[in-house]
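1. Requesting a structural model of the entry that follows:
(chains A and B)
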Amino acid sequence: MSEHIEPMKKKEISVNDVEFAQIEQNGPKNLFTQMQGFWVTFATMFKKVNTVNYPEVKEPTAERFHGRHQLNRYDDGLEKCIGCELCAWACPADAIFVEGAANTDEHRMSPGERYGRVYQINYLRCIFCGLCIEACPTRALTMTNEYELADETRAKLIFEKDDLLAPLRAGMLMPPHPMYPNTTDTNYYKNEIKSSHPSQEVSN
Amino acid sequence: MTPDTDVIVEQITLVIDGFEVTVPKGTLVIRAAEKLGIQIPRFCDHPLLDPVGACRQCLVDIEINGRAFPKPQASCTIPVEPGMIVKTQLTSPVADKAQKGVMELLLANHPLDCPVCDKGGECPLQNQAMSNGNPEMRLDGVKRTFEKPVAISSSVLLDRERCVLCARCTRFSDQIASDPFITLNERGALQQVGIYEEDPFKSYFSGNTVQICPVGALTGTSYRFRARPFDLVSTPSACEHCASGCDLRTDVRRGKTLRRLAGDDAEVNEEWNCDKGRWAFKYVTATDRLTVPQVRNENGELVTASWPEAIAAAAAGLSRGAAVLVGGRATYEDAYGYSKFARVALGTNDIDFRSRTSSDEEREFLAARVVNSTTTYRDIDKADQVLLVGFEPEEESPIVFLRINKQFKKRALKVTSIGSKESIAVEKLSANFVCVQPGQEAAAVATQELTAKSVILVGERAAESAGLLSATAALADRTGAKLAWIPRRAGERGALAAGAIGNLLPGGRPVADAAARVDIASLWNVDSLPSEIGRSADQIVSDINSGKISALLVGGVDPLDGPNPDATVAALEKAFVVSLEIANSEVTKYADVILPVAAITEKSGSFLNWEGRARAFETAVDSLNRSDLRILSMIADELGHSISLGTVANAAKEIASIGNWDGATISTPNVSAASAHSVSGDQAVLTSWRRLLDLGTLQKGEENLAGTARRTVAVISPKRAAALGVVDGQLLKISNSNGWVMLPALVENIHDDAVWAPRNSAGSQLLANLGVAHNSVVTVVKA
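-> Here you go, the predicted model:
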């Protein structure tokens, strides 16, 4: 006799080879047993409600919830992004597209030499893992707590730079404008610029 | 270094990290380690540059016959010796510590700006700091800073604080290009790469320094901040600019070519290329590309048409008897398509790829001496003398210049140049300059003494002087020297081999030979081929103007390149013109049917360089545009004479099946030289050549590159300058009956009867302005 058992070939298995289990079909329970079930429902009506009436009512998220990204600004309004593409490099879902460009004295978007001319995040691909945030060398990219990102078309879910940039707060000026007088990008990086200088309004 | 097979080199055995390795004598330790697969970190070391030991990163422990060096030694400067025992960072803790120490010192002043540095991601410093550096930095002082970036030329930027002083760029410029415009200034901690204030880095080879810089200190202006290495899709390609045939790498991001790098081909361009090959690629996107076919309607207006309409219109027009002009820029396969189309679909041999000044003498010379020529770069390496005839290597085929220069630097190769104006290349090569009146080169060629090891390099401009090509061929026959013809455009040698010329069929078969015609007719599956030798480009133009030809198929030709632009334009106006073009041009202005074709980056194919070596390239950018031969196939089908060349691969296969011609070839022409011009007073004989960087169509849209072009000047001899009372920089007016150009004068070594001006540079488009460019009497006066 051969020692190993030949595996059964696929076509040799048929429906009839499978054992059927009998399912018991009992009749309706008596009234008391049925009322027992409804009691659970009834009692819950008087308990504290765990859900909220979304979207009329919204609960705050956890403080470090990974929501929509934001491209931050320095306190005088210049962008922090330097277009280095490290976020795109770190992204495991290939959701980020960046194209850098050179700052000029007439057209300055960020301190230093380089800024992100094109910045796109594709929220159809993004998995909100936050690796891009870790990769960003200037803290230009952070995440907000905003989670309402649903939309009707695919195109709308590719967020452009304009959609991602942080709003201008008090003291900020819309770039392009020159850097704060007598400072370098290092001063900016060290967060020593606290607001825009009157002369920075002379922008082209 | 090119291995010379003639010399047997002594072999030496040594031990590296416990492994025995045998290498030729003179090999450097770092290279012997590479042979074992042991990577010693390095920055300054480059296999094609002289060793310098500048960066000290490659320190290893070395022991010879039991005696150890007291300290680790730089393995990039020490040649191997018998009994040598080398311990690299892998086996010697001392070497490892020394390397880490050097790395720490290199990083002490190197900024941590990798995120904004173009080199980030492909940076030897970044990589080797990871593989052979300390993870922690012990220094925390303020790093050295410089003003940045400094534009050392319009196309190269320098960030001095990133420099690790490896001297690769300065050594390249000095040793390879002989353009020592950059150097290491200052000493000690202040040492930095710099240029002499008044002389920017105007080298034709400056882009190579950007490529070999091991850090991001030198960057190209056009590529700065455009992409990261991981964004790019690289395609191996061949350069479409000149006949040198450089291997290139094309880097594309989202359908847009962002940069091109020199490829590595030891037989051809080694690891270098010229700035034109590197940076002139924007013409594809800078000009308004043609995307849809256009047909001229009854009112004489060009209107958009569908492909079937346009193909039908083209076929109807061409069926009335047409000639073919295909420029020297077509790929080998496309030229073959035009060649087959002319013979099979149009039934004519009236085809010419020479969209420039040419002669019948040249056509015979090409058929007799060039189409089967086997001279290669290797012959230059071995030559005892190089003779340049009507050829300006640096301007017209820069890699040939680098090759000659390499041998000149290595063993003082003797170079002789026959011409009318001493050029910068002639000066750099310390060449023996034989100065003749323009047009009288033939007499000087006849008196040259060469040997069988010599190489004669003759340029396309030789066709402009009657008898010169005959004299050159006679010289080669008399001395046994190797002869090579070096055209300026990449496609000319391929077009010649493909038979895109009136007297040859593909594979160098003479049209006049019945057996050759039968050969090709059976391959092409046709009963017979036209037997009459075809017209040359000049004849085609004049026969259109005299009404003998009624239609013209044109692919990639600029009428302003020809000897008589007015006649060419008149012919274009008169004939029914079908133009295959990538963008609007002088030809499409007059065309009756315009068919858009793919640019070089959008198709595959190959070029034959001046050696006849195939330089294949792949499609780098996806597009809907089709190669010329696909469109020619469609027209041929419409004409009822199918050429069945649907794809480039088909054409390549068919070309491969042709084989060489072993029958009789056309005999070498024997044309006698014209007598010298007699010039008097303000008269002078004009001579010129095209500069590498000029107003060429393929250099459009690249201002940074154009900024490094040489100054436009009119060169006259000291004697003429004295007679005219002109000094350097004063304006000269060169005129003839067709027009004039006004240029600043430069007094240099030029024949007293001659005046030189660039042929197609800003302010000096000789063919457009004067209608002539060489060997013609003009008037030179002080403006």
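
2. lowest average confidence, helix or strand, in chain A?
-> Least confident helix or strand of chain A, by mean pLDDT, DSSP states H and E, is helix A:31-44 with a mean of 88.

3. Need the contact partners of it.
-> Contact partners of helix A:31-44, identified using C-beta atoms under 8 Å, 6 or more residues apart in numbering or on different chains, comprise A:P28. C-beta here means a position set from N, CA and C on the backbone, and glycine is covered the same way.

4. List the buried residues of that helix.
-> For helix A:31-44, the buried set under the neighbour-count rule, 16 or more other C-beta atoms under 10 Å in any protein chain shown, is empty.

5. could you say what helices and strands the host helix or strand of A:D162 packs with?
-> Assessed by DSSP states H and E, A:D162 sits inside helix A:161-164. Applying 3 or more C-beta pairs under 8 Å, 6 or more residues apart in numbering or on different chains; DSSP states H and E, one finds that helix A:161-164 contacts strand A:69-71, strand A:114-122.

6. Reformat those strands into TSV and put distance to chain B, mean neighbour count and mean pLDDT next to each item.
-> What follows is the helices and strands packed on helix A:161-164, written out as TSV (distance: least, C-beta to the nearest C-beta, whole Å; neighbours: other C-beta atoms under 10 Å in any protein chain shown; pLDDT from 0 to 100):
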stretch	distance to chain B	mean neighbour count	mean pLDDT
strand A:69-71	15	22	97
strand A:114-122	5	21	96
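
7. which stretch among these comes nearest B:G508?
-> Taking C-beta to C-beta, strand A:114-122 is the member of those nearest to B:G508, at 52.3 Å.

8. how about the nearest residue to the closest residue to chain B within chain A, chain neighbours excluded?
-> Closest residue of chain A to chain B, C-beta to the nearest C-beta: A:C84 (3.4 Å). Nearest residue to A:C84, sequence neighbours excluded (C-beta to C-beta, 6 or more residues apart in numbering or on different chains): B:P115, at 3.4 Å.

9. that older thread, my read: the residue of chain A closest to chain B touches A:Y115, true?
-> No - at 10.1 Å, A:C84 and A:Y115 do not qualify as touching, with contact defined as C-beta atoms under 8 Å.

10. Tell me who's in contact with the nearest residue to A:L165 once chain neighbours are set aside.
-> Distance criterion C-beta to C-beta, 6+ apart; nearest residue to A:L165, sequence neighbours excluded, is A:L71 at 4.8 Å. With contacts defined as C-beta under 8 Å, 6+ apart, A:L71 is in contact with A:79-81, A:116, A:119, A:140-141, A:161, A:164-166.

11. Please apply the same query to B:R224.
-> Taking C-beta under 8 Å, 6+ apart, we find B:R224 in contact with A:102, B:118, B:157.

12. list the contacts for the second one?
-> Shown in contact with B:D118 (C-beta under 8 Å, 6+ apart): B:216, B:219-220, B:223-225.

13. Doesn't the residue nearest to A:C84 belong to a helix?
-> Yes - counting by DSSP: H, G, I helix; E, B strand; the rest coil, B:P115 is part of a helix.

14. in the chain, what spans have low per-residue confidence?
-> The chain I'm using is chain A. For chain A, the stretches flagged by pLDDT under 70 are A:1-13, A:202-204.

15. try chain B instead
-> B:1-7.

16. tell me which residues in the strand or helix carrying B:L732 are buried?
-> If you go by DSSP H and E, B:L732 is part of strand B:731-736. Under the neighbour-count criterion of 16+ other C-beta under 10 Å, strand B:731-736 has B:732-736 buried.

17. now swap in stretch B:610-622 and tell me
-> Buried residues in stretch B:610-622 (16+ other C-beta under 10 Å): B:610-617, B:619-621.

18. I'd like these as a markdown table, with distance to chain A and secondary structure appended.
-> Putting the buried residues of stretch B:610-622 into a markdown table (distance: C-beta to the nearest C-beta, whole Å; DSSP: H, G, I helix; E, B strand; the rest coil) gives the following:
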| residue | distance to chain A | secondary structure |
| --- | --- | --- |
| B:W610 | 39 | coil |
| B:E611 | 40 | coil |
| B:G612 | 42 | coil |
| B:R613 | 38 | coil |
| B:A614 | 37 | strand |
| B:R615 | 32 | strand |
| B:A616 | 32 | strand |
| B:F617 | 26 | strand |
| B:T619 | 23 | coil |
| B:A620 | 19 | coil |
| B:V621 | 17 | coil |
